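S.K.: requesting a structural model of the entry that follows:
(2 chains)
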Amino acid sequence: MNRTGSLITLALLAMTGVGVTCVVQHSNAPHIAAERRQLEDRKLLDVLSVDTYDNQPLEQPLTLTDTDLRHSLLLGGYRATRAGQPVAVLLRSQTEGYAGRIELLIAVDADGRLLGVKTLEQTETPALGGHVGDWPNAWLQTFMGKSSKQPTDAGWALKKDQGQFDQIAGATVTSRATINAIHDALRYFDEHRTSLLGSAP
Amino acid sequence: MNTSATLSNSMMLVLLIGATDSVAGALATLLLFTVAVSAYGLCMTALRSRLSGESLLPVSLVLAATLASCGEILLQSASFQWHQLISLYSGLIGLQCVVLEHNGFFRLPISERLRLCGLFAALMTVLGVLRELIGQGSIGQHLSGRWQGLILFADGLHFATLAPGAFILLGLLLAARQAWTRPAPPEEKHHP
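M.R.: Below you'll find the predicted structure:
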């Protein structure tokens, strides 16, 4: 086979290759984007068990007022509903840890009790405060079912600070910041209950 | 063993060590690898007679790149979760085709090719199962969104999921194979 023939084959193949790749990419792009969004949502929403809600909480963010709390800052909120009834409010809270910001997703049920907490972002010391980012997280599960009044304000602290919660070993600052952020979020829920849950009781 | 065979084998090692930290990752890599290499082999059979020696490399590059990108996009579309596990290695599969081509793999008789691929697949699966079992105490986690996988114990030896752990495991497997296939040493004779 001569040189020109080879070159033509190469050129044809290159064009076909680029064309086919473009077509495949173009036809699959929307589906891939949807899959990616779904996966990200699932990662964020696994503080709630799947069968407790039936809406798409992340698609209807709540507008929050007075988001500057005592120890933390609220970045956003979402409402999970089931058959139109609000079942939970998710609050994205940001607080200052030992090494930087800690971002938490805090789920509160309609009665103001904690459903779950998940760490979304943290830069704490690995193997010490960094454990706050583990998922599933045994330490964060000790807060399940607590509300802003139960335990009392004094109880919402580390045992070291005469409160009732254990801390992550070797990470007092991280633990304190996390507890305060959770308490803040629960208090915020109590104060803004009606607007967070919408018109329903 | 000549240089290009060593090169090709060490390229295989990247997939073998890198993509086998879980069963799902190993299977996804294997699937993409099988599809890309067989499609490449088919296309090259049709094209090889029309190409002169020097244009073989660019053609194989273009073909491998096309197949690898299309395979990656299709995998992404079919199961985004699987793609997340192996996204780092899916591009390498294209390069793998070129290296195999350069190494004369596609000129081997078909039975020999199948034997090598089967060996690779078996090794990938065994390593994937062993590493996930030792490292995370489970088998088949992340295989699908619905199924949690077979969880045998809660906490594993994290080292097995890292690359050095994979090297050690592979070494142990090879040693076990050698011990298995080595002829038994002749019995010692007692001299009175």
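
S.K.: residue ranges for the helices of chain A, please.
M.R.: In chain A, the helices defined using DSSP state H lie at A:3-45, A:138-141, A:172-191, A:193-197.

S.K.: hmm, I was thinking of chain B
M.R.: Under the criterion DSSP H, chain B contains helices at B:3-18, B:23-48, B:56-78, B:80-102, B:110-136, B:163-181.

S.K.: a markdown table for the helices of chain A, including mean pLDDT?
M.R.: As requested, those are arranged in a markdown table below (pLDDT from 0 to 100):
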| stretch | mean pLDDT |
| --- | --- |
| helix A:3-45 | 87 |
| helix A:138-141 | 88 |
| helix A:172-191 | 92 |
| helix A:193-197 | 87 |
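
S.K.: which one of these lies nearest to chain B?
M.R.: Relative to chain B, the nearest member of the helices of chain A by CB to the nearest CB is helix A:3-45, separated by 3.5 Å. C-beta here means a position set from N, CA and C on the backbone, and glycine is covered the same way.

S.K.: the closest one vs chain B: in contact?
M.R.: Yes. Interface with chain B: helix A:3-45 contributes A:3, A:5-7, A:9-10, A:13-14, A:16-18, A:20-21, A:24-25, A:28, A:31-32, A:35-36, A:38-39, A:42 (CB under 8 Å from any CB of the partner chain).

S.K.: quick check, B:Arg113 in contact with B:Phe105.
M.R.: Yes. B:Arg113 is in contact with B:Phe105 according to CB atoms under 8 Å; the separation is 6.7 Å.

S.K.: make a PyMOL selection of the buried ones in the residues of helix A:3-45 next to chain B.
M.R.: The following PyMOL command selects only the buried members of those, with burial defined by 16 or more other CB atoms under 10 Å in any protein chain shown:
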select buried, chain A and resi 6+9+10+13+14+17+21+24+25+28+32+35
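
S.K.: for chain B, which residues are neighbours of chain A?
M.R.: If contacts are counted using CB under 8 Å from any CB, the residues of chain B sitting beside chain A are B:47, B:49-52, B:54-55, B:58-59, B:62-63, B:65-66, B:69-70, B:73-74, B:76-77, B:80-81, B:84, B:145.

S.K.: what does the model give residue 144 for pLDDT?
M.R.: Reading this off chain A. Here, the pLDDT recorded for A:Met144 equals 89.

S.K.: was after chain B, sorry
M.R.: What the model reports for B:Ser144 is a pLDDT of 70.

S.K.: please name the residues that touch it.
M.R.: For B:Ser144, the contact set (CB atoms under 8 Å, 6 or more residues apart in numbering or on different chains) comprises B:Gln81.

S.K.: cool, A:His31 as well?
M.R.: The neighbourhood of A:His31, defined by CB under 8 Å, 6+ apart, consists of B:Ser77.

S.K.: cool, A:Arg101 as well?
M.R.: With contacts defined as CB under 8 Å, 6+ apart, A:Arg101 is in contact with A:94-95, A:121-123.

S.K.: how does chain A divide into domains?
M.R.: Chain A breaks down by automatic domain parsing into domains covering A:1-45, A:53-197.

S.K.: the last one: end-to-end distance?
M.R.: Pointing back at domain A:53-197 there. Between the opening and closing residues of domain A:53-197 we find a distance of 14 Å, counting by CA to CA, to the nearest Å.

S.K.: and the nearest residue to B:Glu132 once chain neighbours are set aside, how many neighbours?
M.R.: Taking CB to CB, 6 or more residues apart in numbering or on different chains as the measure, B:Glu132 lies nearest to B:Ser22, with 4.7 Å between them; neighbours along the chain are not counted. For B:Ser22, the number of neighbouring residues by other CB atoms under 10 Å in any protein chain shown comes to 25.

S.K.: gap between B:Ser22 and A:Trp135?
M.R.: With distances taken as CB to CB, to the nearest Å, B:Ser22 is found 17 Å from A:Trp135.

S.K.: next one: A:Leu64
M.R.: Using CB to CB, we find A:Leu64 at a distance of 25 Å from A:Trp135.

S.K.: so for these two, which sits in the more crowded spot?
M.R.: Neighbour count, other CB under 10 Å: between A:Leu64 and A:Trp135, A:Leu64 has more, with 16 against 11.

S.K.: tell me the contacts of the more buried one?
M.R.: Contact partners of A:Leu64, counting by CB under 8 Å, 6+ apart, are A:74, A:76-77, A:192.

S.K.: let's have those residues in JSON lines, adding pLDDT and distance to chain B.
M.R.: Putting these into JSON lines (pLDDT from 0 to 100; distance: CB to the nearest CB, whole Å) gives the following:
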{"residue": "A:Leu74", "pLDDT": "90", "distance to chain B": "30"}
{"residue": "A:Gly76", "pLDDT": "88", "distance to chain B": "25"}
{"residue": "A:Gly77", "pLDDT": "90", "distance to chain B": "27"}
{"residue": "A:His192", "pLDDT": "89", "distance to chain B": "34"}
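
S.K.: point out the ones among those that are inside strands.
M.R.: When DSSP state E is applied, the contacts of A:Leu64 are split such that A:74, A:76-77 fall in strands.

S.K.: most neighbours, which of those?
M.R.: A:Gly77 (24 neighbours).

S.K.: enumerate the residues of chain A near chain B.
M.R.: Residues of chain A lying close to chain B (CB under 8 Å from any CB) are A:1-3, A:5-7, A:9-10, A:13-14, A:16-18, A:20-21, A:24-25, A:28, A:31-32, A:35-36, A:38-39, A:42.

S.K.: cutoff 7 Å now
M.R.: Counting by CB under 7 Å from any CB of the partner chain, the positions of chain A adjacent to chain B are A:1, A:3, A:5-6, A:9-10, A:13-14, A:17, A:20-21, A:24-25, A:28, A:31-32, A:35-36, A:39.

S.K.: ok so, going back, of the domains of chain A, flag the one that's most buried.
M.R.: The highest average neighbour count among these, using mean count of other CB atoms under 10 Å in any protein chain shown, belongs to domain A:53-197 at a mean of 18.

S.K.: now that domain: how far from the chain's centre is it?
M.R.: Mean-position distance between domain A:53-197 and its chain equals 10 Å (CA atoms, centre = their mean, to the nearest Å).
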